[in-house]
Structure formats: C-alpha cells, structure tokens
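Student: With the sequence up front, the predicted model follows.
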Amino acid sequence: QVQLAESGGGLVQAGGSLRLSCAASTRTFRNYIMGWFRQAPGKEREFVATITWHGGSTYYADSVEGRFTISRDDARNTVYLQMNSLKPEDTAVYYCNTARPEGSKWFGYGAWGQGTQVTVSS
C-alpha cells in the first residue's frame, strides 16, 4: 500500500501563497493518478485537484480553478500543490492520495496520511 507524507502547510495571510508537497513511498508512483483533497473544520473532505499519469491532464475544483496548480515529479515520487491568492475559505487540512474518478467526481482510494494544515488569515 502506498504511504504518503504531506508537508508545506502553514499560516499565511489572505492573498498569499504556499506550496504543498506529498512524498509517496512506492516504486510505481508514475502509474497512479494523484490528487489533493482538503477537509475544513466541521465539513466533509472534498476534492481539490488531480493529475494523471506523466502529468498529461489536470482537474480542479471550481473553487480553486485559476489559483491552484497541481504538478508531479515522478523521479522524486512527489506531487505538489502550488496555492496562490489564498482565501480564508481555503483554510483546511490538505491531504494527498491516489485518486480515481467515479462519474464526474474524484475520490481518494488509498490510505490517508496525516495531512498538512493550511490556515489563511483575513
């Protein structure tokens, strides 16, 4: 099973930027679609972005489209999330996971890591 370790979260003012990283412990990282998800206090975990094999295609939630960019480095078994123009409503614990589509939605299907906290102050 793929083990994942997220990092890069922190406290930032609205309008600021953060770059999250997720390192995966698997030799077959390049075979997985990878995604970022987030969970705000009192809310369900939600999809943020996904990236397919070799970075061929990317998908974003409407709420982050144009502000966030997902990328991957298969040589480093790492997926990234560049977050710009952050808003207080982006405050959440961010998780990466292997991802798959079900209909028009994306879901993480591997074991969840501990995530990394992102807090955006107004």
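Tutor: Yep, it's here. Residues are numbered from 1 along each chain as shown.

Student: Pull the residues that contact the strand ranked longest in the chain.
Tutor: In the chain, assigned by DSSP state E, the strand with the most residues is strand 92-102. With C-beta atoms under 8 Å, 6 or more residues apart in numbering as the test, strand 92-102 has contacts from 2, 4, 6, 9, 20, 22, 24, 32-41, 43, 45, 48, 50, 79, 81, 106-110, 112-113, 115-118. For glycine as for every other residue, the C-beta is placed from the backbone atoms N, C-alpha and C.

Student: Give me the sheet partners of it and which way each runs.
Tutor: strand 34-39 (antiparallel), strand 105-108 (antiparallel), strand 116-121 (antiparallel) (DSSP bridges).

Student: Residue 14 is nearest to which of those?
Tutor: strand 116-121 (5.7 Å; C-beta to C-beta).

Student: what's in contact with the closest one?
Tutor: So strand 116-121 is contacted by 6-14, 16, 18, 20, 38, 83, 86-94 (C-beta under 8 Å, 6+ apart).

Student: Just the buried ones among these, please.
Tutor: Neighbour-count burial (16 or more other C-beta atoms under 10 Å) is assigned, among those, to 6, 8-9, 12, 18, 20, 38, 83, 86, 90-94.

Student: follow-up on the earlier one: could you tell me which of the contacts of strand 92-102 count as buried?
Tutor: 2, 4, 6, 9, 20, 22, 24, 32-38, 45, 48, 50, 79, 81, 106-108, 110, 113, 115-116, 118.

Student: On the pLDDT front, check residue 114 for me.
Tutor: As predicted, residue 114 sits at a pLDDT of 95.
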